[in-house]
Structures are given as structure tokens and as C-alpha cells.
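Trainee: pasting the structure only:
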């Protein structure tokens, strides 16, 4: 990670978290540099990789294809630098598979992976187009047999930088794959009490009275 020792050395697009908050933004990516100020270190974030601070009173984000693609981009980017990325990658795959099943995403072809996983023998991944974004998932046997091979991953393709904060992205994707079940409205009226019959205890007749 790049280290700056003077404020005037920092590029104008690099901002601290406090500077972003004053601009009404929050970082959505990992820090890209550090600024040493006396005995303190300040993490620096790319202004392009920031998003507006969500308002508490703002309407919930709808799971449109465009919003889901932005959320997938945020989750995928954080997974690449996370020490435990399994849950993020699993969420990403589940969402993409559902989008494909609903006809909202399409498989483009196979691409040679630059960093094959040590857990998988295959070296090709399937490129999936979601809106204006492209994502890679593990190829199925049908993909390897039917999809065209596009060669190695190209650095010429760049996803758009519009995205969401990670927490907001995860909530949106989970809402899409596990929508809340709808229940009939609960009747808030108190039930009418049922009167119980009054059973008086009958006196016990002793057939053998004491003398």
C-alpha cells in the first residue's frame, strides 16, 4: 500500500473517510493508500469508489437488474480482498444463477482464468453479462461443452464504477434470493371471551355418617 508523508503529495482523488463524509459520501472499496500525519496514519480511499451516504428516510432500493448488478460488483470486489470470501462468493453465485434462470442475465462464453483456484482443477470460468456488468462464475460441464472460448481474460473490459456500500449490497442481494414471505394481516381485535358454565360443587353424601 502506497504511503504518503505529506498532504500535498496526495492525489486530489484520494480522500480520507472524514473528508468523504463531509462530501456526503462513504467509501465502498478497500483503502488504496495511507497518509502519515505525525504519529497517526490515515487511510485514503478513491473518490471514484465511493457512494452517497444512505438516508434513513430514503425509499428501499428495488431489486432491478441494474441495482443487482451494482450490488454484485460491490460484493465481488470485497470478496477478492476478504480473508474469508466464501460467503460473499456463494451469495454472488446464487444471485447470478437466479438471474440466469429468470432470463435477466446471459452466459457469454468461457475465459481462461489468470489465477486458477487451488480447490478446482478447471482453468476456465464462465463470463456472465448482467446489465452493463460482467462477472465470472465456475463453469458447468454444459458450459464447457456448449459455450465458445473467448481466450484469456482481457484487461480492456472494465465494469462501471457505480456501486453500493457492502452492507447495502448484501442486503439487496439477500432480499432478491430470499424474499420475505407474505402473511395475511393479523386480526388485532380481541376475541370475544367465551363464558364458561358455572359448575357448583355438589355436596358429598356420606352413606356412613359418623355416630
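Mentor: Sure, I can see it. These figures come from a predicted structure and were not determined experimentally.
Trainee: Grab the nearest non-local neighbour of residue 3.
Mentor: Distances taken as Cβ to Cβ, 6 or more residues apart in numbering put residue 34 closest to residue 3, at 5.1 Å, once the chain neighbours are dropped. No exception for glycine: its C-beta is placed from N, CA and C like everyone else's.
Trainee: To what extent is that neighbour buried, counted in neighbours?
Mentor: Counted by other Cβ atoms under 10 Å, the residues lying close to residue 34 total 17.
Trainee: Now do the strand or helix carrying it: which elements does it pack against?
Mentor: Using DSSP states H and E, residue 34 maps to strand 33-37. Contacts defined by 3 or more Cβ pairs under 8 Å, 6 or more residues apart in numbering; DSSP states H and E place strand 33-37 against strand 2-4, strand 40-46.
Trainee: Pick the most deeply packed of those.
Mentor: Of those, the one with the most neighbours on average (mean count of other Cβ atoms under 10 Å) is strand 40-46, at a mean of 17.
Trainee: Spit out the contact partners of the most centrally placed residue in the chain.
Mentor: The centroid of the chain falls nearest to residue 170 when counting by Cα atoms, centre = their mean (2.0 Å). Residues in contact with residue 170 (Cβ atoms under 8 Å, 6 or more residues apart in numbering) are 71, 75, 88, 91.
Trainee: rerun at 10 Å
Mentor: When contacts are counted by Cβ atoms under 10 Å, 6 or more residues apart in numbering, residue 170 touches 71, 74-75, 78, 87-88, 91, 164.
Trainee: Just those residues: which are in helices?
Mentor: 71, 74-75, 78, 87-88, 91 (DSSP state H).
Trainee: In a markdown table, list those along with neighbour count and distance to residue 27.
Mentor: A markdown table is the format used below for these (neighbours: other Cβ atoms under 10 Å; distance: Cβ to Cβ, whole Å):
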| residue | neighbour count | distance to residue 27 |
| --- | --- | --- |
| 71 | 28 | 16 |
| 74 | 25 | 11 |
| 75 | 25 | 15 |
| 78 | 18 | 11 |
| 87 | 12 | 21 |
| 88 | 21 | 17 |
| 91 | 21 | 21 |
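Trainee: which residues in this protein form helices?
Mentor: So, for the chain - with DSSP H - the helices run 17-22, 65-81, 86-101, 141-146, 166-177.
Trainee: what packs against the third one?
Mentor: Identification of packing neighbours for helix 86-101 by 3 or more Cβ pairs under 10 Å, 6 or more residues apart in numbering; DSSP states H and E yields helix 65-81, strand 106-112, strand 124-130, strand 133-138, helix 166-177.
Trainee: Lovely, talk soon.
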